[in-house]
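K.L.:
Model the structure of this input:
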Amino acid sequence: MIDTLVRVTLDYLTGIGVDVHDLAADPVAVIQTVDGIVIDWVDPASLGNGCAVAALYSGTEAPPRISVLRDASQGRRNFSLLHEFGHHLCARIDDIAAALWELPDGDEGPFEEDLVNQFAAAILLPADVVSKAFADGVTAAAVLRLWQATTASREACCVAAASCLPAPGYVMLLEPGGSSQFAARHGDMLPIARDSRQTGTRLRSALRTGSARGLDRPTYASGVSGQEMYLDAQKTGGYTFAVWVTDSPAWQTLTAPLDSGPVSHDGHCSACGKDFQTWKKPCATCGEPYCPDCNACECSPGGRPPVAERLCTSCFLKLPLKEFDGESTICMQH
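P.N.:
As a prediction, this is how the structure comes out:
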């Protein structure tokens with residue numbers, strides 16, 4: 001569906017008189033001609049933490065505004081601008097608005113992020129260039145060569161590569177410290193947030209030695225390790241490109257069965273006196289998992305979490321305490 005909606009977006013731009021080649025060459029100049037969009041340049045603190053790109057869109061202002069990180073590289077600024085411009089277009093194209101409306105609750109945000117990422121990459125990297133780059137399959141080396149041969153950002157190259165994966169997976173960019181700076185996904189995979197520290201054994205080896213291949217698991221922001229996947233990673237200039245795929249990796253002809261489940265942590269809570277299973281990150285001090293009931297580990301007694309909600313005996317919903325009058329068990333809506 002995303003490929004179709006990207007084409008719809010490109011057709012919309014053509015229909016309003018925007019030349020996509022001009023847009024690729026000078027996003028700043030062209031974007032400012034659409035709907036009076038204002039572009040300003042800001043410091044990192046203005047964007048907040050966790051932004052996947054180096055820009056922020058505000059569609060509630062009149063006129064709309066895109067704030068761009070002043071210190072970002074030219075390639076990353078262009079990709080980020082086009083990403084946020086994509087968000088602007090999503091609200092103005094009926095087919096996209098309808099597609100977002102039909103998604104299950106909670107899926108709209110991740111889907112729109114994937115859509116605007118792919119839109120930005122499609123502007124910066126023509127389809128024939130991408131096809132040629134991955135004619136022999138998607139590998140970390142192929143992603144690196146695409147980045148070196150074009151003016152597109154590393155993020156744009158990750159998105160283009162992910163769209164060519166033969167099976168569900170990710171194409172990830174890791175910053176020098178080993179956290180995910182950007183992760184483009186393909187297929188039915190959970191998003192990996194910016195700054196998610198990657199703990200996979202093979203991947204950590206690539207950060208030290210420059211390259212690695214084998215079976216490994218990506219790590220989500222919660223600290224939980226995802227399903228086992230085929231990994232190919234290559235480091236250059238401090239940054240690492242990592243290709244993850246669940247099946248048919250381009251660098252391996254014979255494949256082994258994979259463990260498709262996430263990695264959980266089993267523990268015993270001394271405070272509660274019971275065994276448990278959790279997917280939360282273990283304690284950084286003692287290395288033991290936290291009890292899901294009282295949050296205790298081996299080095300901390302934990303404590304019962306404060307009561308923040310109550311069951312309404314009228315509508316049978318658990319609601320925040322502010323929805324009740326004092327100790328009443330019936331919410332103020334009844």
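
K.L.:
Just give the nearest non-adjacent residue to Glu323, would you?
P.N.:
Taking Cβ to Cβ, 6 or more residues apart in numbering as the measure, Glu323 lies nearest to Cys331, with 4.6 Å between them; neighbours along the chain are not counted. Yep, even glycine has a C-beta here, placed from its N, CA and C like the rest.

K.L.:
what is that neighbour paired to in the beta sheet?
P.N.:
Using DSSP bridges, the bridge partners assigned to Cys331 are Phe324.

K.L.:
ok, now which ones touch it?
P.N.:
Under the criterion of Cβ atoms under 8 Å, 6 or more residues apart in numbering, the contact list for Cys331 reads 312, 314-315, 317, 319, 323-324.

K.L.:
hmm, 10 Å instead?
P.N.:
Taking Cβ atoms under 10 Å, 6 or more residues apart in numbering as the contact definition, Cys331 lies against 310-315, 317, 319-320, 322-325.

K.L.:
Show the subsequent helix or strand relative to the lowest-mean-pLDDT helix or strand in the chain.
P.N.:
Among the helical and strand segments of the chain, the one scoring lowest on mean pLDDT, DSSP states H and E is helix 44-47, with a mean of 70. Taking DSSP states H and E as the definition, the helix or strand that follows helix 44-47 towards the C-terminus is strand 55-58.

K.L.:
one step back: identify those among the contacts of Cys331 that sit within strands.
P.N.:
Members of those lying in strands (criterion: DSSP state E): 310-311, 319-320.

K.L.:
Most neighbours among the residues you listed, please name it.
P.N.:
Ranked by neighbour count (other Cβ atoms under 10 Å), those have Arg310 at the top, with 18 neighbours.

K.L.:
Roughly how far does Leu215 sit from Met189?
P.N.:
Shown here: Leu215 relative to Met189, a distance of 16 Å by Cβ to Cβ, to the nearest Å.

K.L.:
what secondary structure does Ala160 sit in?
P.N.:
helix (DSSP: H, G, I helix; E, B strand; the rest coil).

K.L.:
Can you name the residues bridging to the closest residue to Ser205 other than its chain neighbours?
P.N.:
Taking Cβ to Cβ, 6+ apart, and ignoring the residues beside it in sequence, Ser205 has Ala212 as its nearest neighbour in space, at 4.6 Å. For Ala212, the beta-bridge assignment (DSSP bridges) gives partners Ala233.

K.L.:
picking that back up, of the ones in strands among the contacts of Cys331, closest to Arg77?
P.N.:
Closest to Arg77 out of the ones in strands among the contacts of Cys331 is Pro320 (41.0 Å), distances taken as Cβ to Cβ.

K.L.:
hey, where'd the strands end up in the chain?
P.N.:
Assigned strands in the chain, in chain order: 38-42, 55-58, 65-69, 169-174, 179-186, 196-197, 211-216, 229-236, 239-245, 265-269, 274-278, 309-311, 318-320 (criterion: DSSP E).
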